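Student: Below are the sequence and a predicted model for it; my questions follow.
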Amino acid sequence: MKVKVRVPATSANLGPGFDVAGVAVSLYNTFTFELIDEGLEITGCPEQFAGEDNLTYEAFCEGAKEVGLEFTGLRIECKDEVPYTRGLGSSSTCIVAGLVGAFAFKGRYNDRQDILNLATRIEGHPDNVAPAIFGGLTVSVNADTVTTLNIPVKNDYRFVAFIPPFTLSTQLSRSVLPDVVSRKDAIGNISHLSLLVASLINGHDEGLRIGFHDHLHQPYRGSLIKGYDEIMHHLEQDEQVLGCYLSGAGPTLMAVIRADDLMGVVRLKEAMHDCLDGWEVMKLEMDRQGYVCDFE
């Protein structure tokens, strides 16, 4: 038996929702797991990631311990669409897929809360793994267990990803963040996240432009990204862009537009042609399913 797991990319933080909010988007990594007699075989990923330190394999092993799955060999086939270390949750797709794969061999592939708790323990925070598991737009609190709720988004939006030709490690991106922030900045982020969530629920598009503003991480991480200030300025000046933010730890930047803004991507690419040298611009939809598990 083979277990096939498709996991969506995720865009975390959404501006003020640092380590709390995230959304699943229509870009996918797919993993196929097969138990074999012995050894480890990993195909479809760069050779340097095809060993026992492969994140998907490590997650599979953690999941196997959790559900009591004993195995002597494993074959993993990877088909990747989500770019590595670009702030689109590629590591979360590996973690979630490995856990779901192991759970599936014990018939527990739909135990999403247990998978969420274990995935958060591995990842360290739930903002990427939660939407990858449940789909849609999620907010999460990591206490004794992880509490995750989906935000019912009233209007139909598209996410325009500006993906640069360079990477940015999460470790480096976190290293520039201050340990302490002012009360003013803390209150600012609480108010912006509250407005963002309320605007999404009520379909109040006018509140999104303010709601996506952040004081906790974007001002610091932006300094690591070439072209950040220029691109964000263009997006903020476009009256049809509802909001923009740094996706995850970066360096991908994300803009939110209405679904009926059919020429939005063309307009933005033309307006920012001079500062997008080598950048890929991709229009994505919200994925509302989260991971999908099938058997072959």
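Tutor: Yep, that arrived.
Student: quick one: the helices in the protein?
Tutor: 55-67, 90-104, 112-123, 129-134, 170-175, 183-202, 208-211, 218-221, 228-237, 264-271 (DSSP state H).
Student: so what's the residue in the chain sticking out farthest from the centre up against?
Tutor: Distance from the centre of the chain peaks at residue 37, with 34.4 Å (Cα atoms, centre = their mean). Contacts here follow Cβ atoms under 8 Å, 6 or more residues apart in numbering; on that basis residue 37 touches 72-73. Just so you know, the C-beta spots here come from the backbone N, C-alpha and C atoms, and that holds for glycine as well.
Student: now with 10 Å?
Tutor: Going by Cβ atoms under 10 Å, 6 or more residues apart in numbering, residue 37 touches 71-73.
Student: Most neighbours out of these, which is it?
Tutor: Among the contacts of residue 37, the one with the most neighbours (other Cβ atoms under 10 Å) is residue 71, at 15 neighbours.
Student: Next, the contact list for it, please.
Tutor: So residue 71 contacts 33, 35-38, 60-61, 64, 102, 105 (Cβ under 10 Å, 6+ apart).
Student: what about 6 Å?
Tutor: Contacts for residue 71 (Cβ atoms under 6 Å, 6 or more residues apart in numbering) come out as residue 35.
Student: Closest one of the contacts of residue 37 to residue 278?
Tutor: Residue 278 has its nearest neighbour among the contacts of residue 37 in residue 73, at 41.5 Å by Cβ to Cβ.
Student: Is residue 82 in contact with residue 90, as I believe?
Tutor: Yes - taking contacts as Cβ atoms under 6 Å, residue 82 lies within contact range of residue 90: 4.6 Å.
Student: quick one on the thing from earlier: hey, which of the helices of the chain is tucked in deepest?
Tutor: Using mean count of other Cβ atoms under 10 Å, the stretch among the helices of the chain with the largest mean neighbour count is helix 129-134, at a mean of 31.
Student: so what secondary structure elements neighbour that helix?
Tutor: Counting contacts by 3 or more Cβ pairs under 6 Å, 6 or more residues apart in numbering; DSSP states H and E, helix 129-134 packs against strand 2-12, strand 21-35, helix 90-104, helix 112-123, strand 137-142.
Student: now do 8 Å
Tutor: Under the contact definition 3 or more Cβ pairs under 8 Å, 6 or more residues apart in numbering; DSSP states H and E, helix 129-134 sits against strand 2-12, strand 21-35, helix 90-104, helix 112-123, strand 137-142, strand 146-151.
Student: Generate TSV for those, with distance to residue 42 and mean pLDDT as supplementary columns.
Tutor: Shown next, in TSV, are those (distance: least, Cβ to Cβ, whole Å; pLDDT from 0 to 100):
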stretch	distance to residue 42	mean pLDDT
strand 2-12	14	98
strand 21-35	10	98
helix 90-104	11	97
helix 112-123	18	96
strand 137-142	29	96
strand 146-151	28	96
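Student: Which stretch among the ones you listed approaches residue 263 most closely?
Tutor: With Cβ to Cβ as the measure, strand 21-35 is the member of those nearest residue 263 (19.4 Å).
Student: mind saving the C-alpha coords of that closest one as CSV?
Tutor: What follows is strand 21-35 as a C-alpha-only set of coordinates in CSV (Å, rounded to 0.1, in the frame of the first residue of the first chain):
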residue,chain,number,x,y,z
ALA,A,21,-2.2,33.7,11.9
GLY,A,22,-1.7,31.9,8.6
VAL,A,23,-3.5,31.1,5.4
ALA,A,24,-3.3,28.0,3.1
VAL,A,25,-2.8,28.9,-0.6
SER,A,26,-3.2,27.0,-3.9
LEU,A,27,0.4,25.8,-4.3
TYR,A,28,1.2,22.2,-3.3
ASN,A,29,3.9,19.7,-2.4
THR,A,30,2.9,16.1,-2.8
PHE,A,31,4.6,13.1,-1.0
THR,A,32,4.1,9.4,-1.5
PHE,A,33,5.0,6.9,1.2
GLU,A,34,5.6,3.2,0.9
LEU,A,35,6.8,0.8,3.5
